[in-house]
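*Asks:* pasting the sequence and the predicted coordinates here, then a few questions.
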Amino acid sequence: MRRYFEAKDVANALKERLEAARKEAGDEIGRFYDPRRNALHAEDILEWHRLRKEMDELMSLATRWGRGGNIEDVADVADVAAVDAVGFLGTHAAAD
């Protein structure tokens, strides 16, 4: 769960920066958060979505484990997310 809370902190900080930039630009929410229409912030928007997806997957694993399910056969979510991110973001998620 440590990785979940790390990802959550990063996602929240990123969202705060994006929202501040959106308000400063005076853009509508839909327009600003569309990475196809906002090239300036596209990487940050995609990174926020990647973090949220990773958090959802981690919470799903925690729920599965909490219900007595086996999660040993599941690939490390942080590693999977890092591989997915390399192609378009050039970043790596830290695996715990």
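*Replies:* Received the coordinates, thanks.
*Asks:* which helix or strand in the chain has the lowest average pLDDT?
*Replies:* The weakest-scoring helix or strand in the chain, judged by mean pLDDT, DSSP states H and E, is helix 77-89 (a mean of 46).
*Asks:* any idea how far stretch 25-37 is from the chain center?
*Replies:* Its chain's C-alpha centre and that of stretch 25-37 lie 18 Å apart, by CA atoms, centre = their mean, to the nearest Å.
*Asks:* can you name the residues in contact with it?
*Replies:* With contacts defined as CB atoms under 8 Å, 6 or more residues apart in numbering, stretch 25-37 is touched by Leu18, Ala21, Arg22, Asn38, His41, Ala42, Ile45, Leu46. No exception for glycine: its C-beta is placed from N, CA and C like everyone else's.
*Asks:* what about the last one, which helix or strand?
*Replies:* Using DSSP states H and E, Leu46 sits within helix 42-66.
*Asks:* from Gly26, how far off is the residue most central in space within the chain?
*Replies:* Closest to where the C-alpha atoms of the chain average out (CA atoms, centre = their mean) is Leu51, at 0.9 Å. Relative to Gly26, Leu51 is positioned 26 Å away (CB to CB, to the nearest Å).
*Asks:* look up the closest residue to Ile45, ignoring the ones flanking it.
*Replies:* Pro35 (4.6 Å; CB to CB, 6 or more residues apart in numbering).
*Asks:* number of nearby residues for the one you found?
*Replies:* 16 (other CB atoms under 10 Å).
*Asks:* tell me the contacts of Leu14?
*Replies:* Going by CB under 8 Å, 6+ apart, Leu14 touches Asp44, Glu47, Trp48, Leu51.
*Asks:* do that again at 7 Å, thanks
*Replies:* Asp44, Glu47, Trp48 (CB atoms under 7 Å, 6 or more residues apart in numbering).
*Asks:* let's see if you can find the most crowded of the residues you listed.
*Replies:* Result: Trp48 is most packed of those (other CB under 10 Å), 21 neighbours.
*Asks:* mind checking pLDDT for it?
*Replies:* Looking at Trp48, its pLDDT stands at 98.
*Asks:* you'd agree it is up against Ala13?
*Replies:* No - using CB atoms under 7 Å, Trp48 makes no contact with Ala13, being 9.9 Å away.
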